[in-house]
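S.K.: A structural model of the following input is requested.
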Amino acid sequence: MFAILVMSLLLSTLLISASAISMPQIYGQAEQNMTKNMTNYASGNPLQNVPQEKELTANDVKQSRLALLQSVNASIEILKKSQPTVSFNSNTTHIEQLLKTDQLKEAIVELENLQADVIKAFGQEAANKQVVPQIENLIGVLKKQL
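M.R.: Residues are numbered from 1 along each chain as shown. Purely as a prediction, here's the structure:
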């Protein structure tokens, strides 16, 4: 019993002294990092670990629109494969040209027509699972860019 008490006391002392040694080191490192970041801030340099946002170009925006249209096309293809008996032509070349030339209002009208055609061909339930959310997402993005 006495041996366990002595061992516990020695272990406690060891842990306390170990934490006393490492705490100033940890505190000192944190203080150095904070001082360095504040120096960078005061000198006008950006803080470390703060991501710089890239300015989007007009081409970046157009490419994003086209990528969303590609996701609509992919969703339509998945829906067509799931219902092979349904004949549906999903040529979106005209919509692509409208997006490339910033004719957003016209593109929205064409996307709404496409959505109606998909619902008519595949039914509301199937269209809602695959395609409608993709089309509505693209329409929402385009409306924000008007």
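
S.K.: This structure: strands as residue ranges?
M.R.: Counting by DSSP state E, the chain forms no strands at all.

S.K.: Would you mind splitting the protein into its domains for me?
M.R.: When the chain is parsed with automatic domain parsing, its domains come out as 1-52, 58-144.

S.K.: Least reliable of the ones you listed by average pLDDT, please.
M.R.: Among the domains of the chain, domain 1-52 carries the lowest mean pLDDT, a mean of 52.

S.K.: Please enumerate the helices of this structure.
M.R.: When secondary structure is read from DSSP state H, the chain shows helices at 2-42, 58-82, 93-100, 104-122, 124-130, 132-144.

S.K.: list the buried ones in the second one?
M.R.: Of the residues in helix 58-82, those buried by neighbour count under the rule 16 or more other Cβ atoms under 10 Å are 65, 68, 69, 72, 73, 75, 76, 79, 80. Every C-beta, even on glycine, is put in place using the N, C-alpha and C of the backbone.

S.K.: Would you point out the most distant pair within those residues?
M.R.: 65 and 80 (22.9 Å; Cβ to Cβ).

S.K.: do you know how far residue 87 is from residue 115?
M.R.: Residue 87 sits at a distance of 18 Å from residue 115 (criterion: Cβ to Cβ, to the nearest Å).

S.K.: rewinding a little: quick one: which of the buried residues of helix 58-82 is nearest residue 100?
M.R.: residue 65 (8.3 Å).

S.K.: Not counting its neighbours along the chain, what's nearest the closest one?
M.R.: Nearest residue to residue 65, sequence neighbours excluded (Cβ to Cβ, 6 or more residues apart in numbering): residue 99, at 4.5 Å.

S.K.: wait, doesn't the one you found sit right on residue 63?
M.R.: No. Assessed by Cβ atoms under 8 Å, residue 99 is found out of contact with residue 63, at 9.8 Å.
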